[in-house]
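In: Fold the following for me, if possible:
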Amino acid sequence: MAGYDFSAPRLFIEAPLEGGASITPTPEAQNYLRNVLRLGSGDRVLVFNGRDGEWLAEITEAGKKRMALQPREQARPQTLPGDLWYLFAPLKHARLDYMVQKAVEMGASRLAPVMTRRTQASRVNLERMQANAIEAAEQCGLLSIAEIAEPQMLESVLSSWPEGRRLVFCDEAAGLEQGLDQLSAVRGQPLAVLIGPEGGFDDAERTRLLRMPEVIRISLGPRILRADTAAVAALAVVQAQAGDWLTTASCPPGNTVAGSAHHTVS
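Out: Residues are numbered from 1 along each chain as shown. The predicted model follows:
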């Protein structure tokens, strides 16, 4: 993205954004701006809320107990979010953090945990997922925040699958190169990508998936990939063959915008 300001700190704000408004950041964001970035009155940051575009905001108060931001001018208008769902068997802690961040960076607009017969993680911390999705959006220059869905059993998800959305099934048992030509044929259509658990899908789940007319079965190559690696590989393949890599970049070049106001949750 020509002219993008990579040096400016970037902050997600829940509040409406408009010129002249006064916004109080969360205590965590205030601490980061004040004590980590050492910003004070008169300094400027980029802010976005997923609805009103990106704004250049000035710090108008910087006391020990309160900091205020005032949007001055819109830097970028709001754009429509992408329409790529990412379905995955949950992983544990740090690897799930990584997977969420990378899925968002790769353009996933909805992240949906699905519980399979071989899923190892029995609980999903949705707040932690949301924090990681926000961090990725801040760092990658995105204007929208990915939706975080409630966990569901795989069978329930498949039984209520929406008409018209193709499901890219990344199957370790698929033959090499299988399905890639089909991806090109569905370019521009609503898509979802499904990655299974560490032990793979069992035979009953695979049979159920392959019976669905919406399913496109693909291989991710000759090597067995860890689930978090498979997420990046699958989303890259889908975006390159049928997604927004063919038209416009999801993320400004350079991959990272300095000064994210969120960090990986410990």
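In: So which elements touch the helix-or-strand element of the chain with minimal mean pLDDT?
Out: Lowest by mean pLDDT, DSSP states H and E among the helices and strands of the chain is helix 180-185, with a mean of 84. Counting contacts by 3 or more C-beta pairs under 8 Å, 6 or more residues apart in numbering; DSSP states H and E, helix 180-185 packs against strand 215-218, helix 227-242. No exception for glycine: its C-beta is placed from N, CA and C like everyone else's.
In: at 10 Å what do you get?
Out: strand 166-170, strand 215-218, helix 227-242 (3 or more C-beta pairs under 10 Å, 6 or more residues apart in numbering; DSSP states H and E).
In: Show me the one of the ones you listed that comes nearest F201.
Out: Nearest to F201, of all the helices and strands packed on helix 180-185, is strand 166-170, at 8.6 Å by C-beta to C-beta.
In: any chance you could map the strands in the stretch 101-250 of the chain?
Out: In the stretch 101-250 of the chain, the segments counted as strands under DSSP state E, counting those that start in this stretch are 110-115, 147-148, 152-153, 166-170, 191-195, 215-218.
In: closest to E58 out of those?
Out: Among these, the nearest to E58 by C-beta to C-beta is strand 147-148 (30.9 Å).
In: and of the strands of the stretch 101-250 of the chain, who's closest to G63?
Out: Set against G63 and scored by C-beta to C-beta, these come closest in strand 147-148, at 33.9 Å.
In: List of residues touching the closest one?
Out: Contacts to strand 147-148, defined as C-beta atoms under 10 Å, 6 or more residues apart in numbering, come from residues 81, 85, 100, 108-113, 124, 126-133.
In: can you tell me which of the residues you listed are in helices?
Out: Counting by DSSP state H, the part of the contacts of strand 147-148 found in helices is V100, L126, E127, R128, M129, Q130, A131, N132, A133.
In: Of the residues you listed, keep whichever come out buried.
Out: Buried residues within the ones in helices among the contacts of strand 147-148, counting neighbours by 16 or more other C-beta atoms under 10 Å: V100, R128, M129, Q130, A131, N132, A133.
In: returning to that earlier point: compile the helices and strands packed on helix 180-185 into TSV and extend it with columns for mean neighbour count.
Out: As requested, those are exported to TSV (neighbours: other C-beta atoms under 10 Å):
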stretch	mean neighbour count
strand 166-170	24
strand 215-218	22
helix 227-242	20
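In: Could you dump these into TSV with distance to T24 added?
Out: Output for the helices and strands packed on helix 180-185, formatted as TSV (distance: least, C-beta to C-beta, whole Å):
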stretch	distance to T24
strand 166-170	42
strand 215-218	47
helix 227-242	36
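In: Export those as a markdown table, with columns for mean pLDDT and distance to A62.
Out: A markdown table is the format used below for those (pLDDT from 0 to 100; distance: least, C-beta to C-beta, whole Å):
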| stretch | mean pLDDT | distance to A62 |
| --- | --- | --- |
| strand 166-170 | 95 | 48 |
| strand 215-218 | 93 | 52 |
| helix 227-242 | 93 | 39 |
